[in-house]
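Asker: my questions are about this predicted structure, shown below with the sequence.
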Amino acid sequence: MSVSDFELFQSWRKVLDLCALRPGQAVTVLTSADTNEQTLRCAILAVRDKGAIANRLDLQPVNGGTSLSRDPLAYVGTTPLTGNRPALEMLKASDLVLDLMTLLFSAEQHEILAAGGRILLAVEPPEVLVRLTPTLEDRARVLAASATLRAARGMRVTSAAGTDATFALGDYPMLEEYGFVDRPGRWDHWPSGFLATWSNEGSAEGTIVLAPGDILLPQKAYVTAPVTLRLERGYVRAIEGGYEAGHLKDYMDSFGDPEVYAVSHIGWGLQKKAHWSVMGFYDREASIGMDSRACAGNFLWSTGPNNEAGGTRDTACHIDIPMRGCTVTLDGEAVVVDGVLVED
Ligand SMILES: O=c1ccc(O)c[nH]1
C-alpha cells in the first residue's frame, strides 16, 4: 500500500543527511519516462528543505524497442546519457545526482564518479524506499564485511542442493551498497544493504544448483525446480533443468553475445530489513527486486558486465541470482552458513 508524501519526504531527508548534503550545494535529479512522480516530488522537497539547489534533468528513454524486459536493469550499458555530452556535463558539475532513471553499468556513470561526483540510485516503489530507509548501522555492517572480503583471495559457495563453486578474488574492488553516498566518487543504491566483488577473470569454477525458491532477476521468478549451471574458466558453460532453465537460456541467447555468460559480481546480502517473500507480492514490473538482492544471508551472484568494477566487459545482459540456503566461505572462513549470516 501507498506511503504519504510526508513519510517519503522524511525518508529523503534522512538519506540526504546521511549523504551530508550541505546548503547551497547543487543537486540534479535525473529522471526519464518511468520515474515515480511521488519519489521525484518528495526528493525535490527534501533537497530544498536542506537549503540545496534542486535541478531536474529529464531525458528521453532508450532501449525500449530493443530490450525484452521493461526492468531498467535488464538491458544495461547504453543509457539516455550515451552520446549526450551536454546532459553528462550538467551531472558532472553537480554535487549530488539523484538517479531516478538508472545509469548502473554505464560508462557515463563512471565518468561522473571519476569527476568526483556522487550518484544515488533510487527507483524502487516509494513504500519500499520508506521501509528500507538506510541507517549508519547498515553502513557499519557492510563495511565490516567488506574488510573481510577485501582481504580474501578465494570464495567457495556450497549448498545442500548441490552447489559447489569457487572463485579467485583480489583483482577487483569491493561493491559496497548501503544506501547513501557519503563521499565524492561514490555510487550507491537506495534501498540496498549487500556486499559484492567480481571474481578474477577466468577463475569461476564448479556447479551452481538453483533450488526451488531461489530467484532470477530481472525475470522476478522464484525457480520451482532445480536449475544447474556449470561454471568453467569464469563463464557459465551449460544451463541444465526444466522450463525455467530453458527460459533463462533463451533470454540470455537473445542478446547474441557470448559475453552474457561471464560471471559478474558475487557476494552476499546484509540487509536485515529486507525479506525474501517481498517479490512474491509485487507485480513483475512494479519493483526491480531489491529485497531479494539485499536480504541478509543470501548468496547473490550474477552474470554479464564487469565495467562497473573497471573491467572492459560491457555486455547489455545482466542477470542477478540471489540464492537461499548457501554456505559462503572466504579463505575457509564462513560468512554465511546455510543461508544465515555469521554474526560477530
Ligand atoms: O544495486 C544493485 C542492483 C543490481 C546489481 O546488479 C547490482 N547492484
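Answerer: Received, thanks. Residues are numbered from 1 along each chain as shown.
Asker: going by C-alpha atoms from here, please, whenever you check contacts or count neighbours.
Answerer: Fine.
Asker: helices of the stretch 51-200 of the chain, start to end?
Answerer: 85-92, 107-114, 126-131, 136-151 (DSSP state H, counting those that start in this stretch).
Asker: residue 177 against residue 197, yeah?
Answerer: No. The pair residue 177 / residue 197 is not scored as a contact, 11.0 Å apart, by CA atoms under 8 Å.
Asker: out of the helices of the stretch 51-200 of the chain, which gets nearest to residue 244?
Answerer: helix 126-131 (27.5 Å; CA to CA).
Asker: who are the packing partners of that closest one?
Answerer: helix 5-18 (3 or more CA pairs under 8 Å, 6 or more residues apart in numbering; DSSP states H and E).
Asker: how about the one helix or strand in the chain whose mean pLDDT sits lowest: buried residues?
Answerer: When each helix and strand of the chain is scored by mean pLDDT, DSSP states H and E, helix 107-114 comes last, with a mean of 94. For helix 107-114, burial by neighbour count (16 or more other CA atoms under 10 Å) applies to 107, 108, 109, 110, 111, 112, 113.
Asker: okay if I get these as a markdown table plus distance to residue 237?
Answerer: Listed next are the buried residues of helix 107-114 as a markdown table, based on distance: CA to CA, whole Å:
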| residue | distance to residue 237 |
| --- | --- |
| 107 | 28 |
| 108 | 31 |
| 109 | 30 |
| 110 | 30 |
| 111 | 33 |
| 112 | 35 |
| 113 | 34 |
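Asker: which of those lies closest to residue 154?
Answerer: Nearest to residue 154 among these: residue 110, at 27.1 Å, using CA to CA.
Asker: from residue 45, how far off is that closest one?
Answerer: 28 Å (CA to CA, to the nearest Å).
Asker: list the buried residues of stretch 260-273.
Answerer: In terms of neighbour count (16+ other CA under 10 Å), stretch 260-273 has its buried residues at 260-271, 273.
Asker: for that stretch, give me every contacting residue.
Answerer: The contact list for stretch 260-273 (CA atoms under 8 Å, 6 or more residues apart in numbering) reads 131-132, 138, 141-142, 192-199, 204, 234-237, 252, 293-306, 315-318, 336, 341.
Asker: endpoints of that stretch, how far apart?
Answerer: 31 Å.
Asker: that stretch: how far from the chain's middle?
Answerer: Here stretch 260-273 shows a centroid-to-chain-centroid distance of 8 Å under the convention CA atoms, centre = their mean, to the nearest Å.
Asker: how far away is residue 166 from residue 154?
Answerer: The gap separating residue 166 from residue 154 is 7 Å, by CA to CA.
Asker: neighbour count winner among those two?
Answerer: residue 166 (23 against 18; other CA atoms under 10 Å).
Asker: so that one touches residue 156, yeah?
Answerer: Yes. Using CA under 8 Å, residue 166 and residue 156 qualify as a contacting pair, with a distance of 4.4 Å.
Asker: surely residue 291 forms part of a helix?
Answerer: Yes. Counting by DSSP: H, G, I helix; E, B strand; the rest coil, residue 291 is part of a helix.
Asker: okay, now the residue nearest to residue 262 when sequence neighbours are not counted: neighbour count?
Answerer: Closest residue to residue 262 apart from its sequence neighbours, by CA to CA, 6 or more residues apart in numbering: residue 235 at 4.3 Å. If you count neighbours by other CA under 10 Å, residue 235 ends up with 23.
Asker: likewise for residue 173?
Answerer: When neighbours are counted by other CA under 10 Å, residue 173 registers 17.
Asker: for it, give me the pLDDT.
Answerer: On pLDDT, residue 173 comes in at 97.
Asker: contacting residues for it?
Answerer: Counted by CA under 8 Å, 6+ apart, residue 173 has contacts 150, 197, 198, 309.
Asker: at 10 Å what do you get?
Answerer: The neighbours of residue 173, taking CA atoms under 10 Å, 6 or more residues apart in numbering as the test, are 146, 149, 150, 196, 197, 198, 199, 308, 309, 310.
Asker: what about burial for those, which qualify?
Answerer: Among the contacts of residue 173, those classed as buried by 16+ other CA under 10 Å are 146, 149, 150, 196, 197, 198, 199, 308, 309.
Asker: who are the contact partners of residue 95?
Answerer: Residue 95 touches 21-22, 24-28, 52-53, 116-119, 184, counting by CA under 10 Å, 6+ apart.
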